[in-house]
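# my questions concern the predicted model and sequence given below.
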Amino acid sequence: MINIISKKLENGVTCYVLPKKGYNEKLAMLAFNYGSRDVSFSKDGRDITQPWGIAHFLEHKMFEDEKINFFDSFTKLGIDSNAYTNFTTTAYYFRGCENFDRGLSLLFKMVGSLYLTDENIKKEKGIIEQEIKMYEDDPYWEIYFNTLKGLYRNNPCRESVAGSVESVEEITKDMLEESYKSFYTGENCTLIVAGDVESKAVFEKTEKELKLNSGGAKKVFYEDEEGTPENITAEKSVDKPIYNIGFRQNTDRSVAERICAGNVIMNILTAKSSRLREELVKKQLADTTFGFENVIGNDFGASVIKGEGKDYMKIADSITDQAENYMTYGVSSEYVRRLADMEKTKMIFDAQDIYSFASTVADCFCKNTEILDIYNYYDKIDVDTILRHMAELVKDNMTISVVCGKGA
């Protein structure tokens, strides 16, 4: 069982504490329900659209202040700090074995104000543009977003988290301030703390010291897309082709259901004990790179089987044939229960890693669910649920994204 203490504070912030008595390291993460997808929103009667990459840009700027560099200040306390932005979340965190209270105060101070000048914005554009070019050289980054572009034509999940060089150039000081005031609010924020700490003390300190904006913005959410996904092939300097075989998810089901059912189904198809994997390995069509990933948001979702090798078309056919076979003849309820219990147990082990725990809680908060909702949903998984989701694994709902060597 995962033991979490949670409380919604008067300043709007939702706090989660994972007490770990005797644990030497502590971690604190502040996460905002604001990610790269949130470029379109409404506020004060206005409809606003901003350039791609602005959430990521704002994340970079939060570490800068007129008088201090927050990275350096965390380091002087003997603790490591970092941040990340994904489709739905911007998170700032630190971890260390000492100076936890001072680190938490510093974290609150960092997100509690925004320091922008024309000069530091121009400088940051150069830094981020170099980061974007680095991503563009990464075949795994390209295949990931090409998979989503193949599945979606309108949903913002198809756009790179960092944006493009062109979109970053469009970002202005006024836009960054608008985003900060719209999304860095108490109601839009969660604090996750893990380690040997007292939850009451964490709640009181957060209530007293964390000062965020009030109000907020209304996000734009997208309907499920229709039409057949498209296949995308790109060329990079790779030794052998890299492939993603992705299937678009129906988002009228809860996030918890899609996460749980997706993980169980992908294990049915790709785990070492799976019939499909055994057949593909025997035919030398799959190797140790054969695996899966589920990408899930409130208004998008993809179940992705991935690997390396030139036989991806045969593998795609085998996946859809196997899914059809399960739809026709069913799947053992005992097998489904074993895999669901395995995933549930994995969540308990993952919670032992304080960063994994914090990032999962943050991810859940930004998808309007709870980590315990997912943990408990595994008990509800049955054959009917699995077959309902298995029906999505058909060719008319599939994209094949490939990165191959130049001239291949």
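All right, it came through fine.

# residue contacts, the residue nearest to the spatial centre of the chain?
Nearest to the geometric centre of the chain sits Asn86, at 5.4 Å (CA atoms, centre = their mean). Neighbouring residues of Asn86 by CB atoms under 8 Å, 6 or more residues apart in numbering: Gly35, Ser36, Val161. C-beta: built from backbone N, CA, C; applies to glycine.

# using JSON lines, please lay out the residues you listed together with distance to Asn250.
Rendered in JSON lines, the data for the contacts of Asn86 read as follows (distance: CB to CB, whole Å):
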{"residue": "Gly35", "distance to Asn250": "22"}
{"residue": "Ser36", "distance to Asn250": "23"}
{"residue": "Val161", "distance to Asn250": "24"}
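
# adding distance to Val394, pLDDT and neighbour count, write those out as JSON lines.
As requested, the contacts of Asn86 are arranged in JSON lines below (distance: CB to CB, whole Å; pLDDT from 0 to 100; neighbours: other CB atoms under 10 Å):
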{"residue": "Gly35", "distance to Val394": "30", "pLDDT": "98", "neighbour count": "26"}
{"residue": "Ser36", "distance to Val394": "29", "pLDDT": "98", "neighbour count": "24"}
{"residue": "Val161", "distance to Val394": "29", "pLDDT": "97", "neighbour count": "21"}
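
# and which of the residues you listed is nearest His389?
When the contacts of Asn86 are compared for distance to His389 (CB to CB), Gly35 comes out closest, at 24.6 Å.

# now that closest one, nearest residue through space, not along the chain?
The shortest distance from Gly35 to any non-neighbouring residue, by CB to CB, 6 or more residues apart in numbering, is to Thr88 (4.1 Å).

# wouldn't the one you found be in contact with Phe32 here?
No. Counting by CB atoms under 8 Å, Thr88 stays clear of Phe32, with 9.8 Å between them.

# which positions in the helix or strand hosting Val402 come out as buried?
Using DSSP states H and E, the secondary-structure element containing Val402 is strand 398-405. Residues of strand 398-405 classed as buried by neighbour count (16 or more other CB atoms under 10 Å): Met398, Thr399, Ile400, Ser401, Val402, Val403, Cys404.

# now do the contacts for the third one.
Right, the one you point to is Ile400. With contact set as CB under 8 Å, 6+ apart, Ile400 has these partners: Gly150, Asn231, Tyr243, Asn244, Ile245, Gly246, Tyr312, Met313, Ala316.

# just the strands in the stretch 151-300 of the chain please.
For the stretch 151-300 of the chain, the strands defined by DSSP state E, counting those that start in this stretch cover 189-195, 218-219, 232-236, 242-248, 291-296.

# what strands line up against the shortest one, and which way round?
Same thing as strand 218-219. Based on DSSP bridges, the strands next to strand 218-219 in the sheet, each with its direction, are strand 40-43 (antiparallel).

# any idea of the mean pLDDT in the next helix or strand after the partner strand?
Helices and strands here follow DSSP H and E; after strand 40-43, the next one along the chain is strand 46-49. Mean pLDDT, computed over strand 46-49, is 96.

# stretch 224-240 too?
Rounded mean pLDDT across stretch 224-240 is 92.

# likewise for stretch 115-131?
Mean pLDDT, stretch 115-131: 95.

# grab the CA positions of it and hand them over as PDB.
The C-alpha coordinates for stretch 115-131 follow below in PDB (Å, rounded to 0.1, in the frame of the first residue of the first chain):
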ATOM      1  CA  TYR A 115      12.200  38.400 -13.400                       C
ATOM      2  CA  LEU A 116      12.200  39.300 -17.100                       C
ATOM      3  CA  THR A 117      14.200  41.800 -19.100                       C
ATOM      4  CA  ASP A 118      14.500  42.200 -22.900                       C
ATOM      5  CA  GLU A 119      18.200  41.300 -22.500                       C
ATOM      6  CA  ASN A 120      17.700  38.000 -20.500                       C
ATOM      7  CA  ILE A 121      14.900  37.000 -22.900                       C
ATOM      8  CA  LYS A 122      17.100  37.500 -25.900                       C
ATOM      9  CA  LYS A 123      19.800  35.500 -24.200                       C
ATOM     10  CA  GLU A 124      17.500  32.600 -23.400                       C
ATOM     11  CA  LYS A 125      16.200  32.400 -26.900                       C
ATOM     12  CA  GLY A 126      19.700  31.600 -28.100                       C
ATOM     13  CA  ILE A 127      20.100  28.900 -25.400                       C
ATOM     14  CA  ILE A 128      16.800  27.300 -26.200                       C
ATOM     15  CA  GLU A 129      17.300  27.400 -29.900                       C
ATOM     16  CA  GLN A 130      20.500  25.400 -29.400                       C
ATOM     17  CA  GLU A 131      18.600  23.000 -27.300                       C
END
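
# which residues sit against it?
If you take CB under 8 Å, 6+ apart as the criterion, stretch 115-131 is touched by 53, 56-57, 60-61, 64-66, 162-163, 165, 168-169, 171-173, 176-177.

# tell me the strands beside the strand holding Val402, with direction?
Each strand that strand 398-405 pairs with, and the sense of that pairing, follows from DSSP bridges: strand 232-236 (parallel), strand 242-248 (antiparallel).

# count of residues packed around Thr369?
Summarising burial for Thr369: neighbours were counted as other CB atoms under 10 Å, giving 18.

# what about it, which SS state?
Secondary structure state of Thr369, per DSSP: H, G, I helix; E, B strand; the rest coil, is coil.

# that one and Ala256 touch, don't they?
Yes. Thr369 lies in contact with Ala256 (CB under 8 Å); the separation is 5.4 Å.

# so who does Glu370 touch?
Applying CB under 8 Å, 6+ apart to Glu370 gives the contacts Cys364.

# quick one, grab the pLDDT at it.
Per-residue confidence at Glu370 stands at 95 (pLDDT).

# same thing with the one 5 residues further on?
We note a pLDDT of 95 for Tyr375 in this prediction.

# within the helices and strands, which one has it?
Per DSSP H and E: Tyr375 is located in helix 371-377.

# pull out the buried positions in that helix.
Here helix 371-377 shows Ile371, Leu372, Asp373, Ile374, Tyr375, Tyr377 as buried, counting by 16+ other CB under 10 Å.

# pipe the residues you listed into CSV and attach distance to Lys306 per row.
Below are the buried residues of helix 371-377 laid out as CSV (distance: CB to CB, whole Å):
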residue, distance to Lys306
Ile371, 25
Leu372, 29
Asp373, 27
Ile374, 22
Tyr375, 26
Tyr377, 25
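
# sounds good, over and out.
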